[in-house]
Every structure is written in C-alpha cells, then in structure tokens.
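Asks: Fold the following, please.
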Amino acid sequence: MSSNLPINKQIEKYIDEHSLKLHPVQDEIIKYNDTLGKKKKLQISINQCHFLYLVTKLFKPKEILEIGTFTGLSSLSMCIGVENDSKITTIDKNKETSLVAKNFFEKAKVSEQIDIIIDEALNGINKLISQKKLFDLIFIDADKENYKKYYELSFNLLKRDGFIIIDNVLWHGEVVDKNNKEHLTEIIRDFNTYVKNDIRVENMIIPIGDGFSICRKL
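Replies: Alright, predicted model coming up:
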C-alpha cells in the first residue's frame, strides 16, 4: 500500500499556486493574522480554507454552527461556499477578535449571513440548545480542553446526516509520539479515540492543515 506524500513548505507552496484562488478578504485576514505573532496559530491553513469552501459548496448546508471564530477566516471560507439564504452562527468569547471578524465580514459583504455570538462557548451552545436550534454542519475549532463537551453538546444541535468537522486532531503530529505525555496532546489522543468508538457517527481523519476529523451523524 502506498503511503501519503509528506507535505513540506515547497509542496505546500506549489499546491497553493495550483489551487483555487482565495477570496480577496480571505487574503486580507491572513495578512492581518500575520501581524498577531503566536496567536496566528489559531488560524486554519489555506488548504483547510479550500476544503471548508468545497464542503459547503457541495453539501449546501442551510444552517452552520462554528465554535471558535477567531478573526473570521473559517467562517468566511464556509460562507462563500453556501447559498445566499444560508446562515452561519459563530461563537467566541473574545470581543476584540470577534469585532475584527465582523469588520472582515462586512468588507466581504456577507455580514447579514453571519451571526456572531460573543460568549463562552459552552454557554452559547447551551443557549442554542434551549432555543431548539438545528444545524446541518458544525465546525469545532476552540479550546481543546472542552473538545469532548463541545462534541457531545453538538449532537443536540445536529440534524440527522449532518456533519461535525473538528480541527487540530493531529496536533502537529504529536499524537503519534508515544513519548509525548503533554496535557493537550493527551487530550487530543483521548478525544480521537472517543470519536473513533462513537457508534453514532461515521468518521475519518483527513491530514490537511493540523488534521480535520469529519463525522457524519447516523
């Protein structure tokens, strides 16, 4: 069986040059994030932008929930792939970065399709559950300590045959290093095992960016 090709910076650059062009505001967000120092690690990769766009373009979800907004790159990537009557709800506790995201959404002329909830993620999710909201697609990219809670609560909001996509499940490749016992690495390992054993979903891990787990609710 052939193995996956290791992706170095040179190949990544080649892929970017021969793939979809980013929306101009996606480019602006990436350039803005370059000024944020270590915080830029919260941004999804360009390949992940394209993947989220393609998923929404093909799947055509009407209602999307995002847990973890940051500066809006993933929200915008999904929004430019959906129909004009689709809606995205995104939750983040950080007022400053949420305002930055809002400004980018306005610049991209999609702000009417995206509702930003500024709140602790667990509070925001529970409020949506109490409102009996339902979503076709849920994207989780927030604090890793609560990944399992976000995943479980998401089932109360997800339609049958809906999808949950979770970022950072390969954790910079550290999940396979048996000598790595760091707290967050162990959390991601435990989460991945939990999802693998969940009979309520079909799931697979896709090695783009820092790893996406794709789960379809049965």
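Asks: Not counting the strand ranked longest in the chain itself, show me its contacts.
Replies: Here the longest strand in the chain is taken by residue count, with DSSP state E as the criterion, and it is strand 158-167. The contact list for strand 158-167 (Cβ atoms under 8 Å, 6 or more residues apart in numbering) reads 44, 48, 52, 55, 59, 61, 134-141, 147, 151, 154, 191, 195, 201, 209-218. Backbone N, C-alpha and C define where each C-beta goes, glycine included.
Asks: quick one: average confidence on that strand?
Replies: Mean pLDDT, computed over strand 158-167, is 97.
Asks: Neighbouring strands of it in the sheet, and parallel or not?
Replies: strand 135-140 (parallel), strand 212-217 (antiparallel) (DSSP bridges).
Asks: Just the buried positions in the last one, please.
Replies: Of the residues in strand 212-217, those buried by neighbour count under the rule 16 or more other Cβ atoms under 10 Å are 212-215, 217.
Asks: Tell me which residues are up against stretch 205-216.
Replies: By Cβ under 8 Å, 6+ apart, the list of residues contacting stretch 205-216 reads 4, 44-45, 47-48, 51, 161-172, 192, 195, 198, 201-204.
Asks: low-scoring stretches of the chain, by residue?
Replies: Scanning the chain for pLDDT under 70 picks out 1-2.
Asks: Now do the phi/psi pair for Ser86.
Replies: According to degrees, to the nearest 10, the main-chain angles of Ser86 amount to phi -80, psi 150.
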